[in-house]
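# Got a predicted model here, sequence first, then my questions.
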Amino acid sequence: MKMFITVFCFLFHSQIVLAKPLLPENRLLNFDSVYSSTSKHVVVLKRSLPDFSQRLQELINSSYTCVSAPQQTVKCHIFNFHDELPEKISSKLMLKWENSVIQFGQIKKVVLISSAPALEHWEVKQEVVINQKKFVGYFVFVQSDGTMKLEFENGLYINISSADGVYRYEQVSSFLGPIDYKLYFTKLFFN
């Protein structure tokens with residue numbers, strides 16, 4: 001029995017070592033493009049409005065999801081999965097990110113922190129420079145589909161997937177009126 005446990009532990013450890021995430025190493029990535037097809041339209045209604053009930057019912061009838069919010073308000077929202085990113089927002093993001101680079105150095109150490117069927121958590125020691133800000137390491141979260149999220153200090157993160165490559169999510173809001181706005185869920189691509 002003792003030998004069985006030893007062999008099992010050795011094989012299990014071998015699988016973990018073999019299953020290290022495939023991370024970029026000694027690569028320089030430049031900002032390439034921005035893309036978004038999804039937006040969230042949000043309407044904030046104050047309960048003190050004389051036509052509050054009528055407006056709320058109109059939004060509910062139009063398939064908005066509504067929930068109570070602080071300060072006597074109700075927030076209603078609906079997702080649009082085929083909404084193109086307006087040129088004004090796209091241009092602003094392109095201008096903000098146009099000269100952005102991510103430089104991955106040599107990987108020094110990769111340590112498994114936790115493993116479950118749906119998610120693995122790794123710590124990586126590797127020098128990464130993002131827009132002249134240097135990091136000495138980061139955490140990697142690997143989902144069961146192979147998509148990886150690289151999380152750096154101060155909440156900075158980058159995603160890597162076999163389908164999309166290297167990208168970063170960014171939400172951009174656009175005010176439409178005094179009580180409503182749209183959130184665009186964008187992907188910033190690097191290659």
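Received the coordinates, thanks.
# so how far is K88 from G146?
In this view, G146 and K88 are 35 Å apart by CB to CB, to the nearest Å. Every C-beta, even on glycine, is put in place using the N, C-alpha and C of the backbone.
# Then V140?
In this structure, V140 lies at 35 Å from K88, with CB to CB as the measure.
# These two: which is more packed in?
Each of V140 and K88 had its neighbours counted (other CB atoms under 10 Å), and the higher figure belongs to V140 (20 against 9).
# next helix or strand past the helix or strand containing V34?
Under the criterion DSSP states H and E, the helix or strand holding V34 is strand 27-46. Tracing the chain past strand 27-46, the next element assigned as helix or strand by DSSP H and E is helix 52-61.
# which strands and helices sit next to whichever helix or strand comes after that next one?
Scanning the chain past helix 52-61 towards its C-terminal end, the next helix or strand to appear is strand 65-69 (assignment: DSSP H and E). Using 3 or more CB pairs under 8 Å, 6 or more residues apart in numbering; DSSP states H and E as the contact definition, the elements that strand 65-69 packs against are helix 52-61, strand 73-80.
# Pop out the phi and psi values for the nearest residue in space to K149 that is not next to it in sequence.
Excluding its sequence neighbours, the residue lying closest to K149 (CB to CB, 6 or more residues apart in numbering) is F141, at 4.5 Å. Torsion angles at F141 (phi, psi; degrees, to the nearest 10) stand at phi -110, psi 120.
# tell me the contacts of L85?
For L85, the contacting residues are 34-37, 184, 186, by CB atoms under 8 Å, 6 or more residues apart in numbering.
# Check those and tell me the two furthest apart.
The most widely separated members of the contacts of L85, counting by CB to CB, are V34 and S37 (11.6 Å).
# Neighbour count: those two, which is higher?
V34 (24 against 14).
# what pairs with the residue nearest the centre of the chain across the strands?
Central residue of the chain (CA atoms, centre = their mean): Y169, 4.4 Å from the mean position. According to DSSP bridges, the partner residues bridging Y169 are K187.
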